[in-house]
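Enquirer: Sharing a model prediction with you, sequence too.
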Amino acid sequence: MVGRGSVISMEFTPRRRLELVSGRSHPELARDVADQLGVDLGEANLREFANGEIHCRFDSSIRGSDVFIIQTHCGPVNDSLMEHLIMIDAAKRASAKRITAVCPYYGYSRQDRKATGREPITAKLVADMLSVAGADRVVSVDLHSGQIQGFFNVPFDHLTAAPVLVDYLRRQRRDDLVVVAPDAGRVKVAERFSQHLTADLAVVHKRRLRGEASQVQALHVVGDVDGRQCVLIDDMIDTAGTIVAAADLLADRGASEVWCMATHAVLSDPAVDRLKNSALTKVVVTNTLPIPQDRRFDKLEVLSVAKLISDAIDAVFEDSSVSEIFGGENLA
């Protein structure tokens, strides 16, 4: 019997639980991440109503769990984005303790500023939607521009596929390697590659044709590429206009071999035909986006980023540093 004025002290050890759930845009990558983490992939039971609206209901209780919802924003990008938002909202209403939106490819990232009047800034709009849906944290790989992180009022972990690409180049490189930035916006990234590989750096000066969204003219090469192996570094390949124009110019300037490496293989038409018929001898990308069989070709090689994403998820779950995984080189 407890006397009057007695105090009962009880100590509880909180039970932490990691839940990984995937949308339908890239289930193969989600399964690879789950295998790396050693966890089961949760089932969101996504389906459409007759009018096309999306419904979601998690298989088991996620109350009090640390929930990571992985969904790459690939085509149809509006469907995959809406599906992501609905899963986040469902997790919030199911009393998840913390919700992290994992977007290997962040949709609408190229519209990060107003280039002309009367345009939206959709990268900011997507950030607002993820936050309002209930995301407490966001993880993404190689944003089109690093300042997109500033659109968020929740923590943002910016991952980079550079370690995967650099390791591949180390195994394949020749002594005459030159790392090439296909435009001024990629110089900083290309410079990091060249430093890690102790290779020379070159830059292609390009010009977009006025009124033509996917037409690019490569004008000059700054750097010595004659008789050397050139590797173009970019964040994404969409219609491949920039990469192909740069590759053809490098070949004209005497490059012995031209490769390109990119994180996101968007490969919108006519990218595949352009790449096949270009001066490129190898196209190396990662699997942040699914690549259908009809988009694959002999020059293409796909590397996995599942280990990078799983390491980042593990760091977030354990409240340890994500930037340490990349030696601090993921912050810009």
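Expert: Thanks, I have the structure now.
Enquirer: Now do the domain split for this structure, please.
Expert: 18-159+307-326, 162-303 (automatic domain parsing).
Enquirer: Let me see the mean pLDDT of stretch 25-34.
Expert: The average pLDDT for stretch 25-34 rounds to 98.
Enquirer: would you list the domains of the chain in TSV and tack on mean neighbour count?
Expert: Every residue, glycine included, has its C-beta placed from N, CA and C. Shown next, in TSV, are the domains of the chain (neighbours: other C-beta atoms under 10 Å):
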stretch	mean neighbour count
domain 18-159+307-326	18
domain 162-303	18
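Enquirer: Where among these is average confidence lowest?
Expert: Checking each of the domains of the chain, the one with the poorest mean pLDDT is domain 162-303, at a mean of 91.
Enquirer: And the helices in the stretch 101-250 of the chain, which stretches?
Expert: Taking DSSP state H, counting those that start in this stretch, the helices of the stretch 101-250 of the chain run over residues 122-133, 162-172, 187-197, 241-252.
Enquirer: who's the most centrally placed residue in the chain bridged to?
Expert: Centrality entry for the chain: nearest residue to the mean C-alpha point is Val141, 3.1 Å, by C-alpha atoms, centre = their mean. As for beta bridges, Val141 partners with Leu159 under DSSP bridges.
Enquirer: pretty sure it is touching Ile309, no?
Expert: Yes. Taking contacts as C-beta atoms under 8 Å, Val141 lies within contact range of Ile309: 7.2 Å.
Enquirer: and for these two, which residues touch both?
Expert: Counting by C-beta atoms under 8 Å, 6 or more residues apart in numbering, the common neighbours of Val141 and Ile309 are 104, 159.
Enquirer: Let me see the contact set for Phe193.
Expert: Counting by C-beta under 8 Å, 6+ apart, Phe193 makes contact with 162, 165-166, 169, 179, 199, 231, 233.
Enquirer: hmm, try it at 6 Å
Expert: Contacts here follow C-beta atoms under 6 Å, 6 or more residues apart in numbering; on that basis Phe193 touches 179, 233.
Enquirer: circling back to that earlier point, does the residue nearest to the centre of the chain touch Pro104 like I think?
Expert: Yes. Val141 is within contact range of Pro104, at 5.1 Å (criterion: C-beta atoms under 6 Å).
Enquirer: so what sits against both of these two?
Expert: In contact with both Val141 and Pro104: Thr288, using C-beta under 6 Å, 6+ apart.
Enquirer: just to revisit the earlier point, the helices of the stretch 101-250 of the chain into CSV, with extra columns for distance to Phe326?
Expert: Output for the helices of the stretch 101-250 of the chain, formatted as CSV (distance: least, C-beta to C-beta, whole Å):
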stretch, distance to Phe326
helix 122-133, 22
helix 162-172, 7
helix 187-197, 11
helix 241-252, 24
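Enquirer: wait, which of these is closest to Val258?
Expert: Counting by C-beta to C-beta, Val258 lies closest to helix 241-252 out of those; the figure is 4.7 Å.
Enquirer: elements contacting the next helix or strand after the closest one?
Expert: Using DSSP states H and E, the helix or strand that follows helix 241-252 in sequence is strand 257-265. Judged by 3 or more C-beta pairs under 6 Å, 6 or more residues apart in numbering; DSSP states H and E, strand 257-265 is in contact with strand 229-237, helix 241-252, strand 282-286.
Enquirer: strand partners of strand 257-265, parallel vs antiparallel please.
Expert: Paired neighbours of strand 257-265 in the sheet (DSSP bridges): strand 229-237 (parallel), strand 282-286 (parallel).
Enquirer: of all the ones you listed, which lies closest to Leu249?
Expert: strand 229-237 (10.1 Å).
Enquirer: Please list the outside residues in contact with that closest one.
Expert: 142, 144, 174, 176-180, 182, 186, 189-190, 193, 243, 246, 250, 255, 257-266.
Enquirer: Same question for stretch 142-150.
Expert: Residues from elsewhere that reach stretch 142-150, judged by C-beta under 6 Å, 6+ apart: 106, 109-110, 112, 123, 156, 158, 160-161, 235, 263, 332.
Enquirer: Right, I'll call it a day here.
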